[in-house]
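Q: Next come a sequence and a model predicted from it.
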Amino acid sequence: MKWPSLLLAIFLPGSIMAFDSSTTIWATAPAAKFYDSSPLGNGRIGAMVFGGVGEDRIVLNESTVWSGGPQDADREDAYKVLPEIRNLLLHDENRKAQDLLQQNFICKGPGTSFGSAKDAPYGCYQILGNLRVRYLGEQATDYSRILDLKAATSIVSYKTDDGQIERKAFVSAPDQVFVYHVQASKGEKLNLDISMDRPENATSSVSGSHIRLAGQLKSGLPNVEGVRFLGHARVLNIGGQQHPDGAGIHVTNADEVLILVAAGTSMFDPHFEVTCLNQLERAAKRSFKDLNGRQIRDVRQFFSRVDLELPKTESSKLPTVERLAEQAKGKTDPDLAALYFNFGRYLLFSSSRPDSPLPANLQGIWAEELQTPWNGDFHLDINLQMNYWPAEVCNLSDCTKPLLDFLPKLVPNGRKTAKAYYNARGWVAHVVTNPWWFTSPGEGAGWGSTVSGGAWLTEHQWDHYAFTGDKTYLKSAYPVMKEAALFFTDMLIAEPKHGWLVTAPSNSPENTYIHPTQGNLNTCMGPTMDQQIVHELFENTIKASEILGVDPDFRKELQDKLAKLAPMQIAPDGRLQEWLEPYKEAEPHHRHVSHLYGLYPSNQITVDGTPALAEAAKKSLEARGDDGTGWSLAWKVNFWARLHDGNHALKILHRLLMPTGVEGYNYTNGGGTYSNLFDAHPPFQIDGNFGATAGIAEMLLQSRDGEITLLPALPDEWAAKGSVKGLRARGDLTVEINWRDGHVVEYRLTGPNAKTTKVTFGTGREPVKHKATNG
Ligand code: FUC
């Protein structure tokens, strides 16, 4: 049974914890590091609560705290070397082509500064600052720190010599402020010092009950103003006194303290300081009870859309970090997967709401650093897309809005880049982008010239339509898809052996092949992932033009070119080929598995539709191995789910849930999970959380046009008994499934339109074909 979240407020420290183990992250100590702390967010403001006893540090974020600025990074004359680059590729002179690319076909200027752009034009996502609450003279026993996902609230409680303290924190979407409330029980008094700080580029000032942390970041560009930002706190107390000074606000002898923090930047709001003040003043008029009630109601409308029940075991009663450790030792804990799944949904609606100014970045909205890893940007060769994989299937379709709104804004720069490098119509984005819509190739030819980054994003436009059936949306998205397709109609060339149409130049994201005579290289033509993405883009654009009844001539052109695209190939060793030629890869266990894009997220490869390709994909996957970085593991969960091998998918999920202490950069393996359930690339990167959340959904439900499969990859460990409610299938359907002993005992499809859907029971045990009418 589910415990109502209100019960959380009344448990006594020291008593047996009474909470729902699939919706609560529980620790018995304050966070020692950032990766232990509790993430909170409202889609724009993020907060990480450490819950320390002597000092509680709260790391504050705001999603538009970005250094850098709009840079002109296109080389206007790059297209002049394109014929020569292509000629070299057509004559198998790939090394010379890659050298020429590096000289003439990368971006102008420093590009991403190789991931260190804090003070450079590309910029990076950064921490807003720290809020610190120092508790004077506290001794704590029976300490507990929980993150209640259902209420999106962190609750810290402990006993003191004289009573009990309870602290609740959340970031309110309705009130647009971070709320931090401390309550002392009878007999206990609160003596606190409150301050704000940031390691650089900011000053903090105190006035009355207000603390302001204000600053400006570097744009890295001459004559361009860097983003200005503000964290503005207001302190309110019941009982006791406030004493402001230069360092902060000291509260003495209070019974209850409420700290509210508004935050904003100049990126999209020139009046952000006034906006913050207004938000603060409005929130300060409400009682904590009122703020809390509004928070719970708001979060419920997102959280309650899906409910997953997996078998609970003795492990469910343990603190989260111990659950991770026990499972790593082999203890069964299916309910931990449900918790991880719920946490992924939670992270999505906490970092990406319909009104978020930017999509969730590499760290969602939770950075501790000034120089975030990989600039905390939007990588387009897997990472940004993976962030949104769970959105549609997990019934958070509205949370895709920041991504879907961001995408058309890439188009103007993307057109310029398409002209400058390819003399092509339409638009293109390469491997990375930022809030200033960077679309040029990266500064390294090897990795920077992936040409399908923008096109991959358009898949999310189509999928949004496929899940919702929203034709108005499709109509608004179509011009972006069309122009992405237009780019490729100009950009594709015929390769010499078969006359197939291929992208050139490009690469298979970040992977290196061994050329038979020219050593290790990246640059090539027609890498399999590009071909699959272009295939899908053309197909989706064709379908969209038919549905909308527009562009018959262009549709015909796309149909012709679609038929001529290089197909997926099976290499002599039986694997799906990653490149146009059957090259070997330099790193057989490379984290990117780009050529299996056709298996997931696309469904060009399916177990029943294309069994030979599915078998080849399986061989590729086996060769890549079961290890990887966090997001790589998450992708593999989805692959094995699509191959209908639930036990293998679960094996990878367990690998991802291995506790890790590794914090340096690791490019090969070492992926795992920190004690707060954040994904470790390492370091922390949120895509793995989102990718695995999608993977868990994919184990339970898969859908294509007019067709759904229930329990396609149910692992033995989850088979005994379980249920899932509220998942979404393509075709505007909401799905409920109950199972026992690996078999569906009951299911229900609901949707607004009466239609017939082919339902397959895909446990792999007894596939049965059914027809179901909605209702
Ligand atoms: C790509 C990946 C890395 C990392 C970075 C943010 O470069 O290959 O593993 O995820 O993006």
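A: Received the coordinates, thanks. Numbering: from 1, shown residues only.
Q: Make sure residue 57 is indeed in a strand.
A: Yes: applying DSSP: H, G, I helix; E, B strand; the rest coil, one finds residue 57 inside a strand.
Q: Chain neighbours aside, what residue packs nearest to it?
A: The spatial neighbour of residue 57 that comes closest, neighbours along the chain excluded (C-beta to C-beta, 6 or more residues apart in numbering), is residue 50 at 4.5 Å. No exception for glycine: its C-beta is placed from N, CA and C like everyone else's.
Q: where does the one you found fall, phi/psi-wise?
A: Main-chain dihedrals, residue 50, degrees, to the nearest 10: phi -80, psi -30.
Q: who are the neighbours in contact with the residue of the stretch 151-300 of the chain found nearest the ligand?
A: Going by C-beta to the nearest ligand atom, the ligand is nearest to residue 220 of the stretch 151-300 of the chain, at 20.1 Å. Residues near residue 220 by C-beta atoms under 8 Å, 6 or more residues apart in numbering: 67, 68, 69, 71, 117, 119, 120, 121, 122, 123, 226.
Q: again, 10 Å this time
A: 67-69, 71, 109-110, 113, 117-123, 226 (C-beta atoms under 10 Å, 6 or more residues apart in numbering).
Q: again, but for residue 297
A: 151, 174.
Q: can you pull the buried residues of the helix or strand hosting it?
A: Secondary structure assignment for residue 297, by DSSP states H and E: helix 288-303. By 16 or more other C-beta atoms under 10 Å, the buried positions in helix 288-303 come out as 288, 291, 292, 294, 295, 296, 298, 299, 302, 303.
Q: Spatially, what comes nearest to the second one if we skip its sequence neighbours?
A: So that's residue 291. Nearest non-adjacent residue to residue 291 (C-beta to C-beta, 6+ apart): residue 179, at 5.4 Å.
Q: quick one, phi/psi of residue 728?
A: Here is the backbone geometry of residue 728 (degrees, to the nearest 10): phi -110, psi 140.
Q: quick check, the helix or strand hosting residue 464 touching the ligand?
A: In this assignment (DSSP H and E), residue 464 forms part of helix 453-468. No: Helix 453-468 does not reach the ligand (C-beta under 6 Å from any ligand atom); its nearest approach is 11.3 Å.
Q: ok, now which ones touch the residue of the stretch 351-500 of the chain found nearest the ligand?
A: Closest to the ligand within the stretch 351-500 of the chain is residue 374: 3.8 Å, counting by C-beta to the nearest ligand atom. Contact analysis of residue 374 by C-beta under 10 Å, 6+ apart lists 112, 114-117, 124-125, 361-363, 383, 432, 665, 681, 683, 685.
Q: rerun at 8 Å
A: Contacts for residue 374 (C-beta under 8 Å, 6+ apart) come out as 115, 362, 685.
Q: quick check, it in a helix?
A: Yes: per three-state DSSP, residue 374 lies within a helix segment.
Q: so what's the residue of the stretch 51-200 of the chain found nearest the ligand closest to, chain neighbours aside?
A: Across the stretch 51-200 of the chain, the shortest distance to the ligand (C-beta to the nearest ligand atom) belongs to residue 115, at 8.0 Å. Once flanking residues are discounted, residue 115 sits nearest to residue 374: 4.8 Å by C-beta to C-beta, 6+ apart.
Q: Quick check: the gap between that neighbour and residue 261.
A: According to C-beta to C-beta, to the nearest Å, residue 374 and residue 261 sit 28 Å apart.
Q: returning to what we had before: so the residue nearest to residue 291 sits in a strand?
A: Yes: counting by three-state DSSP, residue 179 is part of a strand.
Q: mind checking how far it is from residue 302?
A: From residue 179 across to residue 302, the span is 18 Å (C-beta to C-beta).
Q: Likewise for residue 546?
A: For residue 546 relative to residue 302 (C-beta to C-beta), the value is 34 Å.
Q: what separates the host helix or strand of residue 409 from the chain centre, distance-wise?
A: If you go by DSSP H and E, residue 409 is part of helix 401-422. In terms of C-alpha atoms, centre = their mean, to the nearest Å, the centre of helix 401-422 is set 20 Å apart from its chain centre.
Q: Ok, stretch 128-141 next?
A: Centroid displacement of stretch 128-141 relative to its chain, using C-alpha atoms, centre = their mean, is 31 Å.
Q: what comes up buried for it?
A: Within stretch 128-141, the residues scored as buried using 16+ other C-beta under 10 Å are 128, 129, 130, 131, 132, 133, 134, 135, 138, 140.
Q: Redo those as CSV? Include distance to residue 57 and secondary structure.
A: Output for those, formatted as CSV (distance: C-beta to C-beta, whole Å; DSSP: H, G, I helix; E, B strand; the rest coil):
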residue, distance to residue 57, secondary structure
128, 13, coil
129, 11, strand
130, 6, strand
131, 8, strand
132, 6, strand
133, 8, strand
134, 10, strand
135, 12, strand
138, 15, coil
140, 16, coil
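Q: These into TSV, with extra columns for distance to residue 718 and pLDDT?
A: Below are the buried residues of stretch 128-141 laid out as TSV (distance: C-beta to C-beta, whole Å; pLDDT from 0 to 100):
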residue	distance to residue 718	pLDDT
128	40	98
129	43	98
130	41	98
131	41	98
132	43	98
133	42	98
134	46	97
135	43	95
138	43	66
140	38	92
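Q: how about the residues you listed in CSV, adding distance to the ligand?
A: Shown next, in CSV, are the buried residues of stretch 128-141 (distance: C-beta to the nearest ligand atom, whole Å):
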residue, distance to the ligand
128, 22
129, 24
130, 25
131, 28
132, 30
133, 33
134, 36
135, 38
138, 40
140, 38
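Q: quick one: which of those residues is nearest to residue 561?
A: Distance to residue 561, by C-beta to C-beta, is smallest for residue 128 among those, at 47.3 Å.
Q: Unless I'm misreading it, the closest one sits right up against residue 263, doesn't it?
A: Yes: here residue 128 reaches residue 263: they are 5.8 Å apart, a contact under C-beta atoms under 8 Å.
Q: got any residues that touch both of the two?
A: The contact sets of residue 128 and residue 263 overlap at 60, 62, 229, 231 (C-beta under 8 Å, 6+ apart).
Q: so of those residues, which ones are in strands?
A: Among the shared contacts of residue 128 and residue 263, the residues falling in strands (DSSP state E) are 60, 62, 229, 231.
Q: How about the backbone phi and psi for residue 690?
A: phi -70, psi -40.
Q: what does residue 644 give?
A: When read as degrees, to the nearest 10, the backbone of residue 644 gives phi 60, psi 30.
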